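1. Predicted model follows, preceded by the sequence.
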Amino acid sequence: MPTHITPKDFEIKHLNMSPKIREECGVFGIYGVEDAAAVTTLGLHALQHRGQEACGIASFDGKFHSERHLGLVGENFTGKDLRQRLPGHVAIGHNRYSTAGQTLLRNTQPLFAEMDSGGLAIAHNGHLTNAYLLREQLVHDGAIFQSTSDTEVVLHLVSRSRRTSFIDRFIDALRQIDGGFAFVGITNKKLIGARDRLGIRPLVLGKKGDAYILASETCALDMIDAELVREIEPGEVVVITKDGAKNKIEFIRAFPKVPKRPCVFEFVYFARPDSIVGGQSVYEVRKRMGMRLAKECPADVDLIIPVPDSGVPAALGFAQAASIPFELGIIRNHYVGRTFIQPTQAIRDIGVRLKHSANHTLIKGKKVLLVDDSIVRGTTSTKIVRMIRDAGAAEVHFRSASPEIRHPDFYGVDMPSTDKLLAANYDLEGMRELLGADSLGFLSIEGLYSAIGDLTRNDEYPQFSDHCFTGEYPTSLVDNERKNSGENPQLSFLVDVA
């Protein structure tokens, strides 16, 4: 392991890299309510943490309406004229963080296309791992693409399907794609949703009065005072439409059923703490991660300080388990947007203080333990440790409430390549030295599973997609399932009508 690189050298080497895991996208859809676009705006507000680069809404009132913008929801979907701009009783929305395709307006979702069976507006969270190969084949066959987003591949696959009904064509398209995804879409008559066969990306169903809602997280349902019905099952397609005076919902099994493997990072980082994932409070799970971390990696310190905001629940759990005072030693400025690369090192060093500042009177002379949700490249952690030392801390220790991230992700998480991951290139002592901490510790993979649900990891078929920690990617499971099932091209569905 290299030991000659100083923390500052390491920081400079990675200046153009995002220091944290970047959020996935967020999707929202609603059917059967007046001013559906306005309600969708509220849902997207609740899901803003999943993507801040761009946002879009599509609605239908006999014809399709769509708006797409770069920036935040609150900056674009405001004003009394929203009802006139996006009328209709059905709408879908999307918050974008680009995991595929550049940050351009033409890549902003929902995407829309007119087909022989009518229009389709669609948005998705996740990443289609075979999108590039499919795109190459489609272009070779004469398709014309308007974006570089992998979502557009699905529009072409639906359009070219030879199935009779629209839902059959949509499922035909889904069966040709790999990866982790959650789709929402609207047609001339329907709101549709779909989740990948392993359930890597999340999607929940809610209800408010006679209206049905699809969303990435339950916090979006709470925002509009809707009740949670259930999670959409892995490999399931949901179709919501009108049946006389009532709204009808159908659940369609689009893929052979296999044990689910949802993304473990929903618990670690992505989901809002007030959301419910897999029937569990994200906040309580993160607190248990901190409690388990206190047992696995104890520290003789005066204060437990969270790295805001994502480290707060785990730091609380650590403090409670260790009977050490929990204090807000780092104050976050909530009115600062994304930081930008500055032209000189001196200004770059100040840049971290745009978002975080140390509580000097609390920290001075104390032995401090910093708790964060994870460490990816280590650049932000290095700056935070340096800031706490500059505030006069006698010792600065660091703990991560998740295991070492050693492997990249290909399913909708902006996880960098292996050569950019701190834990993939240094041992524990090397990482500690680079961060400038007095000690460093990570939650074990066994501790993570225990905190999520008192689980023991099934090494033959893990209960979660945890490949960023273990290198065990779920793709092979999909391949095996396809091989065993034969992936019969004849569509045979199990339909439940609620």
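-> Happy to help now that I have it.
2. To which secondary structure element is the residue in the chain sticking out farthest from the centre assigned?
-> Of all residues in the chain, residue 365 has its C-alpha farthest from the mean position, at 38.6 Å, by Cα atoms, centre = their mean. Residue 365 belongs to no helix or strand when assigned by DSSP states H and E.
3. what's the spacing between it and residue 393?
-> The gap separating residue 365 from residue 393 is 8 Å, by Cβ to Cβ, to the nearest Å. Every C-beta, even on glycine, is put in place using the N, C-alpha and C of the backbone.
4. before we move on, what about residue 243?
-> The spacing between residue 243 and residue 393, counted by Cβ to Cβ, is 64 Å.
5. and residue 66, helix, strand or coil?
-> The three-state label given to residue 66 by DSSP: H, G, I helix; E, B strand; the rest coil is strand.
6. what's the closest non-adjacent residue to residue 58?
-> Nearest residue to residue 58 in three dimensions, chain neighbours excluded: residue 121, at 3.8 Å (Cβ to Cβ, 6 or more residues apart in numbering).
7. Now do the phi/psi pair for the one you found.
-> Dihedral angles of residue 121 (phi, psi; degrees, to the nearest 10) stand at phi -110, psi 130.
8. show me what contacts it?
-> Residues in contact with residue 121 (Cβ atoms under 8 Å, 6 or more residues apart in numbering) are 58, 60, 64, 66, 92, 110-112, 185-186.
9. can I assume residue 155 is in contact with residue 110?
-> No - using Cβ atoms under 8 Å as the test, residue 155 is too far from residue 110 to be in contact (10.3 Å).
10. joint contacts of those two?
-> What both residue 155 and residue 110 touch, as defined by Cβ under 8 Å, 6+ apart, is the set residue 122.
11. More neighbours: which of these two?
-> Neighbour count, other Cβ atoms under 10 Å: between residue 155 and residue 110, residue 110 has more, with 27 against 23.
12. Report the contact partners of the more buried one.
-> Here residue 110 is in contact with 56-58, 66, 68, 92-94, 121-123, 185 (Cβ under 8 Å, 6+ apart).
13. how close does it get to residue 143?
-> Taken as Cβ to Cβ, the span from residue 110 to residue 143 is 19 Å.
14. what about residue 461, distance to residue 239?
-> Distance of residue 461 to residue 239, given as Cβ to Cβ: 30 Å.
15. Please read the previous query as pertaining to residue 324.
-> Residue 324 sits 52 Å away from residue 239, going by Cβ to Cβ.
16. of these two, who's got more company?
-> Set residue 324 next to residue 239 and count neighbours by other Cβ under 10 Å: residue 239 wins out with 22 against 19.
17. Quick check: beta-bridge partners of the more buried one?
-> Beta bridges link residue 239 to residue 192, residue 250 when assigned by DSSP bridges.
18. do residue 369 as well
-> For residue 369, the beta-bridge partners under DSSP bridges are residue 304, residue 397.
19. In this structure it contacts residue 303, no?
-> Yes - Residue 369 lies in contact with residue 303 (Cβ under 8 Å); the separation is 6.9 Å.
20. overlap in contacts of those two?
-> Common contacts of residue 369 and residue 303 (Cβ under 8 Å, 6+ apart): residue 324.
21. Please say which of these two ends up with more neighbours.
-> Counted by other Cβ under 10 Å, residue 369 and residue 303 do not tie: residue 369 has more neighbours, with 31 against 20.
22. which stretch of helix or strand covers residue 382?
-> Taking DSSP H and E as the definition, one finds residue 382 inside helix 379-390.
23. you'd agree residue 29 is up against residue 186?
-> Yes - here residue 29 reaches residue 186: they are 7.1 Å apart, a contact under Cβ under 8 Å.
24. Please identify every residue contacting each of these two.
-> Common neighbours of residue 29 and residue 186 (criterion: Cβ under 8 Å, 6+ apart): 90-92.
25. Could you dump those residues into CSV with neighbour count, distance to residue 47 and secondary structure added?
-> Compiled in CSV, these are given as follows (neighbours: other Cβ atoms under 10 Å; distance: Cβ to Cβ, whole Å; DSSP: H, G, I helix; E, B strand; the rest coil):
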residue, neighbour count, distance to residue 47, secondary structure
90, 28, 18, strand
91, 32, 14, strand
92, 32, 12, strand
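26. which of those residues lies closest to residue 294?
-> residue 92 (42.7 Å; Cβ to Cβ).
27. what's the closest non-adjacent residue to that closest one?
-> Nearest non-adjacent residue to residue 92, counting by Cβ to Cβ, 6+ apart: residue 29, 4.1 Å away.
28. Report pLDDT for the one you found.
-> Confidence at residue 29, expressed as pLDDT, is 98.
29. ok, now which ones touch it?
-> For residue 29, the contacting residues are 40, 90-93, 184-186, 191, 193, 213-215, by Cβ under 8 Å, 6+ apart.
30. Could you export those residues to a markdown table, including columns for pLDDT and distance to residue 160?
-> Converted to a markdown table, the contacts of residue 29 look like this (pLDDT from 0 to 100; distance: Cβ to Cβ, whole Å):
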| residue | pLDDT | distance to residue 160 |
| --- | --- | --- |
| 40 | 98 | 29 |
| 90 | 98 | 25 |
| 91 | 98 | 27 |
| 92 | 98 | 22 |
| 93 | 98 | 27 |
| 184 | 98 | 21 |
| 185 | 98 | 17 |
| 186 | 98 | 20 |
| 191 | 98 | 23 |
| 193 | 98 | 22 |
| 213 | 98 | 31 |
| 214 | 98 | 25 |
| 215 | 98 | 30 |
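31. Out of the residues you listed, which end up buried?
-> Among these, those classed as buried by 16 or more other Cβ atoms under 10 Å are 40, 90-93, 184-186, 191, 193, 213-215.
32. Nearest to residue 434 among those residues?
-> Nearest member of the buried ones among the contacts of residue 29 to residue 434, counting by Cβ to Cβ, is residue 215, at 39.3 Å.
33. give me the number of residues near the spatially closest residue to the closest one that is not a sequence neighbour?
-> Ranked by Cβ to Cβ, 6+ apart and with sequence neighbours excluded, the top spatial neighbour of residue 215 is residue 28, at 4.9 Å. Here the count is done by other Cβ under 10 Å, and residue 28 has 31 residues near it.
34. Also the one 10 residues further on?
-> The number of residues packed around residue 38, counting by other Cβ under 10 Å, is 18.
35. any idea how far residue 192 is from it?
-> The spacing between residue 38 and residue 192, counted by Cβ to Cβ, is 21 Å.
36. cool, residue 415 as well?
-> Applying Cβ to Cβ to residue 415 and residue 192 gives a distance of 29 Å.
37. do the same with residue 59
-> In terms of Cβ to Cβ, residue 59 sits 15 Å off from residue 192.
38. Same question for residue 67.
-> 21 Å.
39. now residue 433
-> With Cβ to Cβ as the criterion, residue 433 and residue 192 are 52 Å apart.
40. When these two are compared, which one has more neighbours?
-> Looking at residue 433 and residue 192 with other Cβ under 10 Å, you find the greater number of neighbours at residue 192, namely 25 against 18.
41. residues contacting that one?
-> Counting by Cβ under 8 Å, 6+ apart, residue 192 makes contact with 167, 170, 183-186, 237-240.
42. TSV for these, including distance to residue 319?
-> What follows is the contacts of residue 192, written out as TSV (distance: Cβ to Cβ, whole Å):
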residue	distance to residue 319
167	51
170	49
183	41
184	39
185	45
186	47
237	44
238	42
239	47
240	45
